[in-house]
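Visitor: Below is the structure, and that's it, no one-letter string:
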């Protein structure tokens, strides 16, 4: 793959289709694709009951613009 020093991006990275795909994908919640991350193996005493509420998760998803 050759890259022009004045324009360091390869042609495939500049294509209109790539741009459209990335714009579409940015609205997809990664948990739909990858699932929820597993819990961490830490002691409860380290953080107490510090978990996200459903409201916090919903607010985050809305802020990120995820569409379902």
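Guide: Here it is on my side, so go on. Only a predicted model underlies this, so the values are computations on that prediction, with no experimental measurement involved.

Visitor: Need phi/psi at the most centrally placed residue in the chain.
Guide: The chain has residue 30 as the residue nearest its centroid, 5.3 Å off, counting by Cα atoms, centre = their mean. When read as degrees, to the nearest 10, the backbone of residue 30 gives phi -60, psi -20.

Visitor: heads up, I number from 449, so please use that
Guide: I'll keep to 449 as the first residue from here, and by that count the last item is residue 478.

Visitor: how close does it sit to residue 514?
Guide: To residue 514, residue 478 is 9 Å away according to Cβ to Cβ, to the nearest Å. In short, each C-beta sits where N, CA and C put it, glycine included.

Visitor: same check, this time on residue 507
Guide: Residue 507 is 11 Å from residue 514, by Cβ to Cβ.

Visitor: In terms of neighbours, single out the busier of the two.
Guide: residue 514 (15 against 12; other Cβ atoms under 10 Å).

Visitor: nearest spatial neighbour of that one, skipping sequence neighbours?
Guide: residue 477 (4.0 Å; Cβ to Cβ, 6 or more residues apart in numbering).

Visitor: hang on, isn't that neighbour packed against residue 511?
Guide: No - assessed by Cβ atoms under 8 Å, residue 477 is found out of contact with residue 511, at 11.9 Å.
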